[in-house]
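Asker: Only the shape, not the letters, is given here:
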């Protein structure tokens, strides 16, 4: 199944925005750039479909969510917990799309 990655990007941005609430406008530009990278990584994983192991998936997930969380936490108004929650929310959307695209059951 092919995923609408542009739509997934919009949903992931909304998920992060929902987590950050009124703090979103301060981080929108940087967060958008990093969430785009997160979605592009997932699209690349879709193209490799059967070549992804659970360990490789966990590595990509960890790298991408930490990168986004790190960017968000660098803003004074965003605490570490809020940054991690926003990163996990965005990844949750992307992971759902990736699971649909690949059918890999270990994706969460």
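Answerer: Happy to help now that I have it. The model shown is predicted, which means the values in this text are computed figures rather than measured ones. Residues are numbered from 1 along each chain as shown.

Asker: Could you use CA atoms for every contact and neighbour count after this?
Answerer: Noted.

Asker: In terms of helix, strand or coil, where does the residue of the chain most remote from its centre fall?
Answerer: In the chain, counting by Cα atoms, centre = their mean, residue 76 sits farthest out from the average C-alpha position, at 21.5 Å. When classified by DSSP: H, G, I helix; E, B strand; the rest coil, residue 76 comes out as coil.

Asker: tell me the phi and psi of it?
Answerer: phi -60, psi -30 (degrees, to the nearest 10).

Asker: Surely residue 13 is in contact with residue 35?
Answerer: Yes: between residue 13 and residue 35 there is a contact under Cα atoms under 8 Å: 6.9 Å.

Asker: ok, back up a step: can you check the pLDDT for the residue farthest from the centre of the chain?
Answerer: As predicted, residue 76 sits at a pLDDT of 85.

Asker: Now do it against residue 104, distance only.
Answerer: 38 Å (Cα to Cα, to the nearest Å).

Asker: Likewise for residue 91?
Answerer: Applying Cα to Cα, the value for residue 91 to residue 104 is 16 Å.

Asker: So for the two, which residue has more residues nearby?
Answerer: Between residue 91 and residue 104, counted using other Cα atoms under 10 Å, residue 91 has the larger neighbour count: 26 against 15.

Asker: The more buried one against residue 67, yeah?
Answerer: No: applying Cα under 8 Å as the test, residue 91 and residue 67 come out as separate, 11.5 Å apart.

Asker: Next up, identify which helix or strand residue 99 is on.
Answerer: Per DSSP states H and E, residue 99 falls inside helix 80-102.

Asker: so how far is that helix off the chain centroid?
Answerer: 4 Å (Cα atoms, centre = their mean, to the nearest Å).

Asker: do stretch 76-93 as well
Answerer: Relative to its parent chain, stretch 76-93 has a centroid offset of 10 Å by Cα atoms, centre = their mean.

Asker: Alright, I will stop here.
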